[in-house]
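>>> sequence first, then the predicted structure:
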Number of protein chains: 2
Amino acid sequence: MANSKHAPTMADVAKEAGVALGTVSRVINGLQVGADFRDKVEAAIQRLGYQYNSSGRALRTDRTNIIAVIIPNTINPYFALLVHYLNLELEKRDKQMLLCFTEYDRSREQEFIRMAQQNRVDGIIALTYNPDLTIPEGIPFVTIDRFFSVSVPCIAADNFTGGRIAAQKLASLGCKRVAFMRIGSVLTNEPSKRKDGFVSACVELGLPFDMMVLEDDQPFEHFEQFLHDHQTDGKLAFDGLFIGTDSLAWQIISILKNMNIRVPEDVQVIGFDGIRMFGNMDYIVSTIVQPVPEIAEACVNTVLSKHLSAMPSLICLPVHYAAGGTTKE
Amino acid sequence: MANSKHAPTMADVAKEAGVALGTVSRVINGLQVGADFRDKVEAAIQRLGYQYNSSGRALRTDRTNIIAVIIPNTINPYFALLVHYLNLELEKRDKQMLLCFTEYDRSREQEFIRMAQQNRVDGIIALTYNPDLTIPEGIPFVTIDRFFSVSVPCIAADNFTGGRIAAQKLASLGCKRVAFMRIGSVLTNEPSKRKDGFVSACVELGLPFDMMVLEDDQPFEHFEQFLHDHQTDGKLAFDGLFIGTDSLAWQIISILKNMNIRVPEDVQVIGFDGIRMFGNMDYIVSTIVQPVPEIAEACVNTVLSKHLSAMPSLICLPVHYAAGGTTKE
DNA sequence: TTGTATGCGTTATCAG
DNA sequence: CTGATAACGCATACAA
């Protein structure tokens, strides 16, 4: 109350308690302090409503207890889920999260890394798309879904196996001719392997398949065109579709409805990610579910690891299939 | 390169450039500096890869350029949208966002306020449920959807009018008997007014209505019971439902389907919030749309305002109706 | 215009 | 076990 212009400082507490500054610090940090001194200090802290100043501490200790998370947004439910579990894991370790949304802007990705450095964060967890991203030295850096080099740990779902599971599932559900559809950057990242796994299993099973991969800048109408081109007498040439993400799957299904093609009766659809309505209800489509809690845990474990350089450079976590009403089950 | 153990500091830059520390600071902060000096400093900064240390600056200036956002989570699409637009607005003002997820945990709400104080953030934007929350003094604090006192600005959608619009819409779509359903805390907050507005308009229109309000701790099955209790010979007593949130509306519709009641043929449903699939696609139900971008803008404008005490203590922003397939249009 | 010196709040080292 | 003091990196008031 005495000095209302500034928040109370350790010096204020020390004066109030009638002890030295160092003693206050020791109480705050839980070091050995005589019981009577501790009581006096704690009483003074209560009286003054003292809260330690993170900036002062960070300046002195060179540690902030903040981890920066760089991600496109939280509108996409997959990212929202990821952020959710990352936060949970960070909180377990008493770390705070500085969240940076890039909105897929490549220059912003780099800019946020810069900001994170200025904030002297204890580590960075990033899901980025900039092909020329410069990874800073001297700060723990973990990436999701994208491999940079052996010195930058990458955490991802086992996308390849996911693709294989999708093909196997469609085959076992009776599909005779399938297609893979995807939209995405030219960037080769871990999710690119969904296609590879799918192809691998199709070839193995002798299942005929088509490919339709759209680049970021190509109009969405190409998908409609593709589907119409493979429709004869109202019947689609495919009876199974594996689609790169649940989000895209949802849009494709909407197109199919407009074409009077029924899902799953006429064509079965499997997406990827494991998106649920409102994050906790039903799966919106049949899907390959990403192990988001495990991915988040691995990210946090890795970025906080004492010996980052000794960590594996690529961690692939197991996926599983879940029915969501767009397959015959 | 000389000193690889620590990130370079202004002193390092000064030495490298052969100028004084203060000159480096002035260059960094864009103050008047002779052109030749500026060049030397900038060259040295480039050579050393210097980045200023936020902690040092914050300690000195007592400003962090960080705003704490306290919110339950981003799994709920409404919160995800809010966080998205808050971030957009903050970025416009060159502020960073420290995101705190409470998961509706009341003690965590208070704890995060504490943390924000320790971090000496420049302001707090909070969406909370703790009825006994203590709002800190001396730090700009803005709340969403919940009024504390005239000294704590509250930003919200015009929930009351939203409720009225819902009733009017159902009436104009031919409904003869309607019901309001909601689940939520005992807490009286701005969203509570959705019901009040709905009732107000129903009374005005002479439209018969029922109420079904569930507390947080009551089992969801009560809703099913309620609907079954109002079903005779397979026919529901209501032909219109206004439901507190889109999330709940989605669940209720699922129950109705199991009861073989068609939406919107047998009963029309209007939710609240304006949730879209994947944040940018179709509305998932007919709904009263919250003006999320405007809410976010108002929050940021207010929390960064120089004269917080002169700001209005309650800002209600206009909502609008949007069709989403659960009404006859 | 540029250089110098001080202090922000904290932790850690060293004497007592 | 406690008290005094230096240093962390920066911005700024003041001196040159």
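Yep, that arrived.

>>> which of the residues in the helix or strand harbouring residue A:27 are buried?
Secondary structure assignment for residue A:27, by DSSP states H and E: helix A:21-28. By neighbour count on 16 or more other Cβ atoms under 10 Å in any protein chain shown, the buried set for helix A:21-28 is A:23, A:24, A:25, A:26, A:27, A:28. In this view, the C-beta of every residue, glycine as well, is placed from N, C-alpha and C.

>>> pretty sure the fifth one contacts residue A:36?
This means residue A:27. No - here residue A:27 lies out of contact with residue A:36, judged by Cβ atoms under 8 Å, at a distance of 11.7 Å.

>>> the closest residue to residue A:191 other than its chain neighbours - how many residues pack around it?
For residue A:191, the nearest residue in space outside its immediate sequence neighbours is residue A:159; the separation is 5.4 Å by Cβ to Cβ, 6 or more residues apart in numbering or on different chains. Using other Cβ atoms under 10 Å in any protein chain shown as the criterion, residue A:159 is surrounded by 25 other residues.

>>> likewise residue A:237?
The tally of other residues near residue A:237 (other Cβ under 10 Å) stands at 14.

>>> which ones are touching it?
Contacts were defined as Cβ atoms under 8 Å, 6 or more residues apart in numbering or on different chains; by that measure residue A:237 touches A:177, A:210, A:230, A:231.

>>> rerun that using 10 Å as the cut-off
For residue A:237, the residues meeting the contact criterion (Cβ atoms under 10 Å, 6 or more residues apart in numbering or on different chains) are A:177, A:179, A:208, A:210, A:227, A:229, A:230, A:231, A:267.

>>> quick one: the second one is in a helix?
What it means is residue A:179. No - under DSSP: H, G, I helix; E, B strand; the rest coil, residue A:179 falls outside any helix and is assigned strand.

>>> hmm, the helix holding residue A:27 in reach of DNA strand C?
Yes - on the criterion Cβ under 7 Å from any atom of the strand, helix A:21-28 is in touch with DNA strand C at A:21, A:22, A:25, A:28.

>>> show me which of the residues you listed neighbour DNA strand D.
Contacts with DNA strand D are made by A:21, A:22 out of the residues of helix A:21-28 next to DNA strand C, judged by Cβ under 7 Å from any atom of the strand.

>>> tell me which of the residues of helix A:21-28 next to DNA strand C is nearest to residue B:101?
When those are ranked by distance to residue B:101 (Cβ to Cβ), residue A:28 comes first, at 26.3 Å.

>>> now do the buried residues in stretch A:161-180.
Of all the residues in stretch A:161-180, those buried under the rule 16+ other Cβ under 10 Å are A:161-171, A:173, A:175, A:178-180.

>>> quick check: which element contains the residue nearest to the spatial centre of chain A?
Centroid check for chain A by Cα atoms, centre = their mean gives residue A:82 as the closest residue, at 3.9 Å. Of the helices and strands defined by DSSP H and E, residue A:82 is found in helix A:77-92.

>>> just to revisit the earlier point, now the residue nearest to the centre of chain A, nearest residue through space, not along the chain?
Distance criterion Cβ to Cβ, 6+ apart; nearest residue to residue A:82, sequence neighbours excluded, is residue A:292 at 5.8 Å.

>>> wasn't residue A:224 part of a helix?
Yes - when three-state DSSP is applied, residue A:224 is found to be in a helix.

>>> quick one on the thing from earlier: which residues are in contact with both of residue A:27 and residue A:36?
A shared contact of residue A:27 and residue A:36, defined by Cβ under 10 Å, 6+ apart, is any residue touching both; here these are residue A:19.

>>> hmm, who's touching stretch A:300-309?
With Cβ under 10 Å, 6+ apart as the contact definition, stretch A:300-309 has outside contacts at A:67-69, A:85-93, A:95, A:121-126, A:139-142, A:150-155, A:311-312, A:315.

>>> up against DNA strand D, what does chain A have?
With the criterion set to Cβ under 7 Å from any atom of the strand, chain A comes near DNA strand D through A:19-23, A:26, A:32-34, A:36-37, A:56, A:59-60.

>>> ok, now with 10 Å
If contacts are counted using Cβ under 10 Å from any atom of the strand, the residues of chain A sitting beside DNA strand D are A:10-11, A:14, A:17-27, A:31-38, A:40-41, A:55-62, A:118, A:120.

>>> any idea how far residue A:267 is from the closest residue in space to residue A:208 that isn't next to it in sequence?
Once flanking residues are discounted, residue A:208 sits nearest to residue A:177: 4.8 Å by Cβ to Cβ, 6+ apart. Applying Cβ to Cβ, to the nearest Å, one obtains 10 Å for the distance of residue A:177 from residue A:267.

>>> now residue A:321: which helix or strand?
In this assignment (DSSP H and E), residue A:321 forms part of strand A:320-322.

>>> beyond the helix holding residue A:82, next helix or strand please.
Past helix A:77-92, the next helix or strand by DSSP H and E is strand A:96-101.

>>> other SSEs contacting that following strand?
Under the contact criterion of 3 or more Cβ pairs under 10 Å, 6 or more residues apart in numbering or on different chains; DSSP states H and E, the helices and strands touching strand A:96-101 comprise strand A:66-71, helix A:77-92, helix A:106-118, strand A:123-126, strand B:66-71, helix B:77-92, strand B:96-101, helix B:106-118.

>>> how far does the first one sit from its chain's centre?
In this case it means strand A:66-71. 11 Å (Cα atoms, centre = their mean, to the nearest Å).

>>> follow-up on the earlier one: check the residue nearest to residue A:191 and give its pLDDT.
Residue A:159 is assigned 98 on the pLDDT scale.

>>> stretch A:34-51: how far from the chain's middle?
In terms of Cα atoms, centre = their mean, the centre of stretch A:34-51 is set 42 Å apart from its chain centre.
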